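>>> Pasting the sequence and the predicted coordinates here, then a few questions.
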Amino acid sequence: MRVKMGMMGGGAHSFEDTFKNRIQAWLKDLSAGVPVSGSGEEGLRALAVIEAAIRSFNESRVVAISELLG
């Protein structure tokens, strides 16, 4: 897999920058009492999609979401 490095949306240079920026923004919103968008279940499902994609790539096979959420 090839990953293009450089500027991403929001001025981030890497995934680590993007992740750090999103976590900081989320913590700032929590501190300010901004309502959280999305539920924990939605977050879990989004994470399962990402994990399935990674496993699918690494294992060269289709990975069903149900395999992860069982």
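Done, it's in.
>>> Phe57: which element?
Following DSSP states H and E, one finds Phe57 within helix 40-59.
>>> Give the rounded mean pLDDT of the helix or strand following that helix.
Using DSSP H and E, the helix or strand that follows helix 40-59 in sequence is helix 65-69. Mean per-residue pLDDT for helix 65-69: 93.
>>> for stretch 17-25, same thing?
On average, the pLDDT along stretch 17-25 is 85.
>>> Pull it out as PDB, backbone CA atoms only.
What follows is stretch 17-25 as a C-alpha-only set of coordinates in PDB (Å, rounded to 0.1, in the frame of the first residue of the first chain):
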ATOM      1  CA  ASP A  17      -1.300  15.100  13.200                       C
ATOM      2  CA  THR A  18      -4.900  14.600  11.900                       C
ATOM      3  CA  PHE A  19      -5.700  12.200  14.800                       C
ATOM      4  CA  LYS A  20      -4.100  14.600  17.400                       C
ATOM      5  CA  ASN A  21      -6.000  17.600  16.000                       C
ATOM      6  CA  ARG A  22      -9.400  15.700  16.000                       C
ATOM      7  CA  ILE A  23      -8.900  14.500  19.600                       C
ATOM      8  CA  GLN A  24      -7.900  18.000  20.700                       C
ATOM      9  CA  ALA A  25     -11.000  19.500  19.000                       C
END
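>>> mind listing what's buried in it?
For stretch 17-25, the neighbour count (16 or more other CB atoms under 10 Å) marks no residue as buried. For the C-beta atoms, the positions are set from N, CA and C on the backbone; glycine is no exception.
>>> In this structure, where is pLDDT below threshold?
In the predicted model, the chain carries pLDDT under 70 at residues 1-12.
>>> So which residue is dead centre in it?
With distances taken as CA atoms, centre = their mean, Leu47 lies nearest the centre of the chain, 6.3 Å away.
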